[in-house]
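1. next come a sequence and a model predicted from it.
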Amino acid sequence: MKRFAPVLGLVLLSCGIVRPPSMPPAALEMKAAARIPWPAGLPVYDHVVIVVEENKDYEQVIGSPNAPYINGKLKAEGANLTRMFGEEHHSQGNYFWLFSGSNQNVGYFDRVPSIPFAARNLGEQLIGSGLSFKGYSEGLPAIGSSVKKSGRYARKHVPWISFSNVPNLATAAESSNLRFEDFPTDYSALPTISFVIPDLVNDMHNGSIASAVRAGDTWLRENLDGYYQWAKKNNSLLILTFDENDHGPAGLTDPRAPELAKQNRIVTILAGASIQPGCYDEGNGVTHVNLLRTLESMYGLERSGGQQPFALRAGIADDYSLTDVFTPGDHPCVE
């Protein structure tokens, strides 16, 4: 399989000449004002929905009969990243890496921070640029709630609550901290980027491997396939990723480690408009930070945080913008 530079790219569908996706008016104004050199051919989506699942090895999901929707729909129609690694064990830090390019020193042991951070992050950057951000969490007891635990809801999987520069108020219009029941049925009303956090059963966290994967796969099909079908026709994207693989020693992970648990390889699939189906080996690999960098590049945002040292030593670059855009071609999935 052809090797690519260690930064995350998106694949543009091609049938003759491809008309680039439309750019939101606010993004056009922001780009002109900042004179940001946007990567050539990088789609600028009207809406991106990121779903984060929990604690499963790549091999426990990809090819599993317990995940017919993920394998038969999202992987079959999307871009499956075959060398995607979580930044650390355990759960909480990886959500912070994806949202802010750092675990903000609350990783490893899932300690919920008691004092809000003011660090740069994806939500703050989007809102400050005239775009929009929301997080939708299943089981959140009320809009704007900062409770640590409620039934099958866990705040440790919801990083935006922990930043003082992301609005956390009491109404859906004012807050970025929403319940999943607030996820709009009119998908055109979605923010520019949103996160969806299923509860501890529907995110594949609880139960046996088989039952957990089955529960998460069913939930995705029942709750987000409508958005996915709409996204393909409306310049929008669905990203499915995981926080970490099936557990490992606490601390930063190393993609070069001989032990799978320390490598922390996870499933990540991008599916929607402008995606060329296939499996993509990203050379030395990519991480949550590279996924964050792609989103930052897409909307011309300043970058947050930085790549962790083990990933850097493995040759996984902390790159602000894309250097490769996948072109149409044969990208077979040989597992």
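-> That came through, no problem.

2. for the longest helix anywhere in the chain, packing partners?
-> Looking across the chain with DSSP state H, the single longest helix is helix 209-233. Contact here means 3 or more CB pairs under 8 Å, 6 or more residues apart in numbering; DSSP states H and E; on that basis helix 209-233 packs against strand 47-53, helix 58-61, helix 68-69, strand 236-242, strand 268-272. From N, CA and C alone the C-beta is placed, and that goes for glycine too.

3. which element follows the shortest one toward the C-terminus?
-> Going down the chain from helix 68-69, the next helix or strand is helix 76-77, by DSSP states H and E.

4. pLDDT below threshold where in this protein?
-> Counting by pLDDT under 70, the chain shows low-confidence ranges at 1-41, 320-330, 334-335.

5. centroid-nearest residue for it?
-> When CA atoms, centre = their mean is applied to the chain, the residue found nearest the centroid is I50 (4.5 Å).

6. check contacts around that residue.
-> For I50, the contact set (CB atoms under 8 Å, 6 or more residues apart in numbering) comprises L98, I193, S194, F195, V196, I239, T241.

7. run the last query once more with 10 Å
-> Taking CB atoms under 10 Å, 6 or more residues apart in numbering, we find I50 in contact with 98-99, 122, 135, 193-197, 237-241, 268, 270, 291, 295.

8. and R265, how far is that from S114?
-> 33 Å (CB to CB, to the nearest Å).

9. count of residues packed around the closest residue to G101 other than its chain neighbours?
-> Of all residues not flanking G101 in the chain, G305 sits nearest, at 2.1 Å (CB to CB, 6 or more residues apart in numbering). Other residues near G305 come to 20 when the count uses other CB atoms under 10 Å.

10. likewise for L220?
-> 25.

11. now do the contacts for it.
-> L220 is in contact with 51, 53, 67, 69-70, 73-74, 196, 198, 202-204, 228, 238, 240, counting by CB under 10 Å, 6+ apart.

12. can we see that at 6 Å?
-> Y69 (CB atoms under 6 Å, 6 or more residues apart in numbering).

13. swap in A314?
-> P255, R256, N284.

14. same check, this time on I197
-> Contact analysis of I197 by CB under 6 Å, 6+ apart lists V52, S137, H157, V158.

15. most neighbours, which of those?
-> Within the contacts of I197, S137 tops the neighbour count with 25 neighbours, counted by other CB under 10 Å.

16. specify the beta-bridge partners of that one.
-> Taking DSSP bridges as the rule, S137 bridges to R179, I197.

17. quick check, it in contact with V158.
-> Yes. With contact defined as CB atoms under 6 Å, S137 counts as touching V158 (5.2 Å).
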